[in-house]
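# Please find the sequence and the predicted model below.
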Amino acid sequence: MDREQFQPREVTRIEDTGLSNGMLVDLVLKHVFFEGSALLRTIADRSKLSPGVILALYRQFQKEQLVETRSMQGEDYEISLTNKGRSMAEVALKKGQYSGPAPVTLPAYNQAVAKQGIPLRPSLESLRAAMSDLVLPDHVIHELGTALVTGGTIMLYGETGLGKTSIAERLHRVFEDQVYIPYAIEAGGHIITVYDPMVHNAVEDESKSLDTRWVLCQRPMVKVGGEMRLEMLDPHIDEVTRICSAPLQMKANNGILLIDDFGRQRMSARELLNRWIVPLDRRKDIMSMWSGVSFEIPFELVVVFATNLGLADLAEEAFMRRLKNKIKMEAMKPELFDELVRRVCRQKGLWVEPGAEEYLRTECAKHASTGLRACYPEDIASAICGMASFEQRTAKMDKSSIDSAIRVYFVH
C-alpha cells in the first residue's frame, strides 16, 4: 500500500475537527483541571489538538470567563480555571473522566480503515522468512500463503502442541508497512478509546503537518484466548471512570485478530459465529452501545482461529463454510522433528550427544499415540535445563537427561 493514500493532515480550525464545540470545551477544561495551571502548548500536546485550535478555544474561554491568564512565557500563555471554569470541568468529569487526546470523527475513522486495508500478497520467500524460527513442512507454508492471498478467515486446527498458536502469532511479520490508528473516536456523543499501547506498537513518524490525534503504528496483532466474552465484541464502559474502550475487532482493524483455543471461550463458538456471521461475509460490523446508540465500522482484518477441537463440534457446516481457509496441523515427520530438536538445543546452548535426536524422537513416540508434536523438543529441553540448574551441573541433551525429563513430562 502506498501510504500516501492516507495521511491525516493537521487541523487548524475548530470547525474542521468535526467535533462539537461542547465536546472540545469539556475535554480541554478537564485537561486544565488536572494540570492545575498549564501553558497552551502543554494543553495542545496533551489533547493532540493543534496550537491554532487551542488558541481559538482559549479566546472563547476568556470571553466566557472560564480561565484566567496567570503569566506569559514568550508568546505562550499560562492559564488556570476560574471558579466558573472549575464548575464546568467538574460537571464534565461526572459524565466521564476521559481526558486524553481529542477523538477523531467516526466517518474519518471509517475512511482511514478502508484506505489502509490489508493488501496481502506475500511471496513464498517472505512467508518463509516470517516463519523462519519455526520448523514447518512445505505444504503448511503454501496453504498459509494461499489463505493470506485469497483473504477471509483462517482456521488452524489439529491436536494440541502442533504449533498452531506459534504460526498464528508470526503471521503479522509479513506486513511491511504501517497504519495510522486514532487515539480515540467520537460516536453518538461518546468518546471511545482505540489506541492501546498494550496492543499497538507505535513507530516514529517523520511526516510533517499531520493531525497528531493519529498514531503511526505497525499493523496490529491482537490475541485473545479463553478469557474472551461476548461483551468484549462491543464498546465497553468502565463503571467507575465512565471511560469507554473499543472492542477487540476494532483494535485489530487493519491487522490480525487471533482467537486462540477457539471453542473454550466464556462464550460458545456458536455465539461468536452468530455474532460475526455478517461481518465475516460483508466486512462491516455493527457496534451497539450501552446507551442504545448503534454505529457501523469496517471489519477490515484477518481473523485467525486456532483450535484443538473437532470442527464438527464447533458449529454446523453452514458456519464452517464461512471460515474459508481451514488448515489442518498434523504430527511432525521424523526428519523435521530431529531438525527442531537440533534448533532448540542450539538456542538453549545444550550439548547434544550423538544420536540424542533419534533417541528423544523414539521415546516421545512411545507416549504419543497421535504422533510427534512440535512442542516436545522445547518442553523436554526446558525440563533438562531446569534439572541441570537445580543440580548445579551443565545441561546436556543426552540419554540420561532425556529419560529423566520424560519421566516428569508424560503421563504414565
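Here it is on my side, so go on. Residues are numbered from 1 along each chain as shown.

# my read: F319 touches E271, true?
No: the pair F319 / E271 is not scored as a contact, 11.3 Å apart, by CB atoms under 8 Å. The way it works is simple: take the backbone N, C-alpha and C, and place the C-beta from them, glycine included.

# Counting neighbours, go ahead and name the busier of these two.
Legend: neighbour count by other CB atoms under 10 Å for F319 and E271, higher for F319 (18 against 14).

# The more buried one sits in which helix or strand?
Assigned by DSSP states H and E, F319 belongs to helix 317-322.

# packing partners for that helix?
Contact here means 3 or more CB pairs under 8 Å, 6 or more residues apart in numbering; DSSP states H and E; on that basis helix 317-322 packs against helix 269-282.

# contacts for the helix it packs on?
152-153, 228, 230, 233, 249, 259, 262-263, 265, 284-286, 299, 303, 314-315, 319, 322-323 (CB atoms under 8 Å, 6 or more residues apart in numbering).

# Take those and keep only those in strands.
Mapping these onto strands (DSSP state E) picks out 259, 284-286, 303.

# Could you give the bridge partners of the closest residue to H190 other than its chain neighbours?
In space, and not counting its chain neighbours, H190 is closest to C244: 5.6 Å by CB to CB, 6 or more residues apart in numbering. On the basis of DSSP bridges, C244 is bridged to I192, I237.

# from memory C244 sits against I192, does it?
Yes: contact criterion CB under 8 Å: C244 and I192 qualify, at 4.8 Å.

# Specify the local secondary structure of the nearest residue in space to E363 that is not next to it in sequence.
Leaving aside its chain neighbours, E363 sits nearest to I406 (5.4 Å; criterion: CB to CB, 6+ apart). Of the three states, I406 takes helix under DSSP: H, G, I helix; E, B strand; the rest coil.

# For I406, list the residues it contacts.
Counting by CB under 8 Å, 6+ apart, I406 has contacts 363-364, 367, 380.

# So R393 lies in a helix, does it not?
No: read with three-state DSSP, R393 is coil and lies in no helix.

# for the residue lying closest to P8 once chain neighbours are set aside, what are its contacts?
Nearest non-adjacent residue to P8, counting by CB to CB, 6+ apart: D211, 3.8 Å away. By CB under 8 Å, 6+ apart, the contact list for D211 reads 8-11, 48, 50, 104.

# Likewise for H190?
H190 touches 235, 244, 289, 291, 293, counting by CB under 8 Å, 6+ apart.

# Same question for L210.
7-10.

# what about burial for these, which qualify?
7-8, 10 (16 or more other CB atoms under 10 Å).

# following the worst-scoring helix or strand of the chain on mean pLDDT, which helix or strand shows up next?
Least confident helix or strand, the chain: helix 317-322 with a mean of 74, by mean pLDDT, DSSP states H and E. Counting by DSSP H and E, the element after helix 317-322 in chain order, helix or strand, is strand 325-328.

# How about the contacts made by the closest residue to V194 other than its chain neighbours?
Among residues not flanking V194 along the chain, A246 sits closest, at 4.7 Å (CB to CB, 6+ apart). If a contact means CB under 8 Å, 6+ apart, then A246 has 185, 192-194, 196, 235 as its contacts.

# what does K396 give?
350-353, 384, 388.

# Turn these into TSV, including neighbour count and distance to R173.
As requested, the contacts of K396 are exported to TSV (neighbours: other CB atoms under 10 Å; distance: CB to CB, whole Å):
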residue	neighbour count	distance to R173
L350	22	27
W351	11	31
V352	16	29
E353	15	34
I384	23	29
A388	16	33
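
# circling back: which of the contacts of L210 are the two that sit furthest away from each other?
Greatest spatial distance among the contacts of L210 (CB to CB): Q7 and E10, at 10.3 Å.

# Report the buried members of the contacts of H190.
235, 244, 289.
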